[in-house]
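K.L.:
My questions concern the predicted model and sequence given below.
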Amino acid sequence: MEKKEMKFEDKMKELETIISDLENGNSSLEESIEKYTRAMKLASECDQELKQVEEQVSKMVLEDGSLKDFHIEETTN
Amino acid sequence: MSDRKYLSVGALTRYLKMKFDTDENLRLVFLKGEISNFKSHSSGHLYFSIKDETSKINAIMFSKNASKLTFQPADGMKILVTGRISIYEASGNYQIYVDEMLEDGVGNLYIAFEKLKTQLSKEGLFDPRHKKTIPKIPERIGIITAPTGAAIKDIISTIRRRFPIAETILFPSLVQGENAASDIVKNIKRAENYNLDLLIVGRGGGSIEDLWPFNEESVARAIFACPIPIISAVGHEIDYTISDFVADLRAPTPTGAAELAVPNILDLTKHMTQLKIRLHESIHKTIHLQKLYLDSLKNSFVIKNPIMIYENKSQKLDTLIERLTQSMIRTLEHKRFDLDHIMKHYIFLHPEELYAKQMIDLKTKIEKLELVNPMSVLKRGFAIPYQKNHIIKSIYDVQKEEEMKLKLYDGEINLKVITIKGE
């Protein structure tokens, strides 16, 4: 179970906060550029995650707690 | 034949209606059967038949009573009704006027449901302040439902369609029957260990008995205690279970749960595009504003006329020097005045001065002494007559022909007295 350092939703939230800050224009030029750089990094990470088109394979928890692939097609008949 | 009395249909019907209405046994009837020809009129009145294997009776339930129904009646449904039997004169049909209607076999369940609902509500398990926030973008979603059937298929396919990047983890569970409740509880507890953002608990449609595990107290308490936000999705739109009340969010159906659980990736992508546009616009605006500010500084009068910077200073320096000079002059004058004052005061105490003064005094005194010096009188032309060292003060001090001397300032004259004449 790999753990990502930051949730997608948290990235979006931070991105939105930074953009609001920049739009309010309360920061100095240096701060603005720092924030912009951070926002660009977040945006490209979010983009990257959204573009991972390959579907996640559903998993099923077995009795012993381990995971195995689960395909809904098996259940359609 | 002429003595036969013929009744009108109306009279007969009224007579029969009176018979029905006065019959104690028909005033309060408990009846069970199955609904058929169910029609819900726009007035709110319900028209249907109740039948069993052998017979059938028409039924009407007025809107006043129908509005109290806790379920949606439908053809084929087994029901328990309470009502009275009477005749509808217009058609001459007898029918049952239904006051109350329950789903057959679930009457006891219904009472249990109401009791548990009231109790848990009192305990605060449905309280909105306990509801956890459903994440907007869950990345790992647990699903507790049966591994077969429409529910899991609907949930997974809907999540894949809307938000394919989400991981879905199924906790296969019994969802009906005696062991279902404990199995659901076990899976809710297990789910805590899988780092999930969200949990969907539910099943597809079924009879109230089928859905019953989701009305069990143990399931309700497990949902309440679960730290993961839970969306409940039990049966159809019209089915409400205790689980639905306890869950952080109720979905009308399993498909609905999936729709509530994940955002549409297209909306999200569109939102991301909007954010990027706003980000670029905002940084451009910031830079533009800073540039304008810089320009305004560069164009400021002082920067364009640097002489201004020292002109003022120069003038100020002149003023300061002027003031400094004036102040120094004034101070000097002041000091000089003080000095003079002091000098004047102390000069007389100087030994030289004292000596000079004494000398003047001495001189004056000598002059005064001079005035009384007989020799000085001689200088002015007076003379002192004397004879053998006696000053001659009277004419009787001398005799005729006697010699005498006359003392002048610069010597003596020897004289002889010739005459003496008194006054």
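P.N.:
That came in fine, so what should we check first? Numbers count the residues shown, from 1 in each chain, chains lettered A, B, ... in the order given.

K.L.:
Sketch out the low-pLDDT regions of the stretch 251-400 of chain B for me.
P.N.:
Within the stretch 251-400 of chain B, the stretches with pLDDT under 70 are B:348.

K.L.:
can we see that at 80?
P.N.:
Where the stretch 251-400 of chain B drops to pLDDT under 80, the residues are B:300-313, B:343-351, B:353-354, B:370-377, B:380.

K.L.:
Which stretches in it count as helices?
P.N.:
Secondary structure of the stretch 251-400 of chain B, counting by DSSP state H, counting those that start in this stretch: helices at B:254-261, B:265-298, B:301-304, B:307-346, B:351-372, B:374-379.

K.L.:
out of those helices, which comes closest to chain A?
P.N.:
Nearest to chain A among the helices of the stretch 251-400 of chain B is helix B:265-298; the distance by CB to the nearest CB comes to 3.7 Å. Heads up, the C-betas are built off the backbone N, CA and C, glycines and all.

K.L.:
B:Gly422 against B:Ile395, yeah?
P.N.:
Yes: applying CB atoms under 8 Å, one finds B:Gly422 in contact with B:Ile395, separated by 5.7 Å.

K.L.:
quick one: which of those two has more around it?
P.N.:
Using other CB atoms under 10 Å in any protein chain shown, the more surrounded residue of B:Gly422 and B:Ile395 is B:Ile395, with 11 against 6.

K.L.:
Could I get the contacting residues of the more buried one?
P.N.:
When contacts are counted by CB atoms under 8 Å, 6 or more residues apart in numbering or on different chains, B:Ile395 touches B:Ile420, B:Lys421, B:Gly422.

K.L.:
how about TSV for those, with secondary structure, distance to B:Asp21 and pLDDT added?
P.N.:
Output for the contacts of B:Ile395, formatted as TSV (DSSP: H, G, I helix; E, B strand; the rest coil; distance: CB to CB, whole Å; pLDDT from 0 to 100):
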residue	secondary structure	distance to B:Asp21	pLDDT
B:Ile420	coil	208	87
B:Lys421	coil	206	86
B:Gly422	coil	203	82
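
K.L.:
quick one: which of those is nearest to B:Phe30?
P.N.:
Nearest to B:Phe30 among the contacts of B:Ile395 is B:Gly422, at 199.6 Å by CB to CB.

K.L.:
And the nearest residue to B:Lys379 once chain neighbours are set aside, how far from chain A?
P.N.:
Nearest residue to B:Lys379, sequence neighbours excluded (CB to CB, 6 or more residues apart in numbering or on different chains): B:Tyr409, at 4.9 Å. Using CB to the nearest CB, to the nearest Å, we find B:Tyr409 at a distance of 116 Å from chain A.

K.L.:
cool, and B:Pro172?
P.N.:
From B:Pro172 to chain A the distance is 6 Å (CB to the nearest CB).

K.L.:
Distance-wise, check B:Arg221 relative to chain A.
P.N.:
Relative to chain A, and taking CB to the nearest CB, B:Arg221 is found at 22 Å.

K.L.:
What residues does that residue make contact with?
P.N.:
B:Leu125.

K.L.:
What helix or strand is it located in?
P.N.:
Using DSSP states H and E, B:Arg221 sits in helix B:217-225.

K.L.:
near chain B, which residues of chain A show up?
P.N.:
Contact residues, chain A versus chain B (CB under 8 Å from any CB of the partner chain): A:1, A:3-4, A:7-9, A:12, A:15-16, A:18-19, A:22-23, A:25, A:27, A:29, A:32-33, A:36, A:39-40, A:43, A:46-47, A:49-50, A:52-53, A:55-56, A:58-61, A:65, A:67, A:70, A:72, A:75-76.

K.L.:
In strands, which of those appear?
P.N.:
Of the residues of chain A next to chain B, the ones assigned to strands by DSSP state E are A:Lys59, A:Met60, A:Val61, A:Leu67.

K.L.:
got a pLDDT number for the residue nearest to B:Lys379?
P.N.:
Here, the pLDDT recorded for B:Tyr409 equals 83.

K.L.:
Now it: phi and psi?
P.N.:
When read as degrees, to the nearest 10, the backbone of B:Tyr409 gives phi -70, psi -30.

K.L.:
How about the one 10 residues further on?
P.N.:
Phi and psi for B:Thr419, reported as degrees, to the nearest 10, are phi -130, psi 160.

K.L.:
tally of neighbours for it?
P.N.:
5.

K.L.:
Looks like it contacts B:Lys400 (just checking).
P.N.:
Yes: between B:Thr419 and B:Lys400 there is a contact at 7.1 Å, judged by CB under 8 Å.

K.L.:
what about the longest helix in chain A?
P.N.:
helix A:29-50 (DSSP state H).

K.L.:
got the contact list for that helix?
P.N.:
Residues from elsewhere that reach helix A:29-50, judged by CB under 8 Å, 6+ apart: A:8, A:11-12, A:14-15, A:18-19, A:21-22, A:27, B:165, B:265, B:268-269, B:272, B:275-276, B:279, B:283, B:286-287, B:290.

K.L.:
In ChimeraX, how would I select just the buried ones from the residues you listed?
P.N.:
Those of the contacts of helix A:29-50 that count as buried under 16 or more other CB atoms under 10 Å in any protein chain shown are selected in ChimeraX with:
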select /A:8,11,12,15,18,19,21,22,27 /B:165,265,268,272,275,276,279,283,286
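
K.L.:
which of the contacts of B:Ile395 lies closest to B:Tyr94?
P.N.:
B:Gly422 (207.9 Å).

K.L.:
Please tell me how far the closest one sits from B:Arg380.
P.N.:
As judged by CB to CB, to the nearest Å, B:Gly422 and B:Arg380 stand 26 Å apart.

K.L.:
what's in contact with stretch B:243-254?
P.N.:
Here stretch B:243-254 makes contact (CB under 8 Å, 6+ apart) with B:117, B:120-121, B:125-126, B:131-134, B:145, B:150-152, B:154-155, B:200-205, B:214-215, B:219-220, B:223-224, B:229-237, B:240, B:257, B:259-260.

K.L.:
Which among the residues you listed count as buried?
P.N.:
Buried among the contacts of stretch B:243-254 (16+ other CB under 10 Å): B:117, B:120, B:125-126, B:134, B:145, B:150-152, B:154-155, B:200-205, B:214-215, B:219-220, B:223-224, B:229-235, B:240, B:257, B:259-260.

K.L.:
Cross those against helices and list the overlap.
P.N.:
Per DSSP H, the subset of these in helices is B:117, B:120, B:150-152, B:154-155, B:219-220, B:223-224, B:257, B:259-260.
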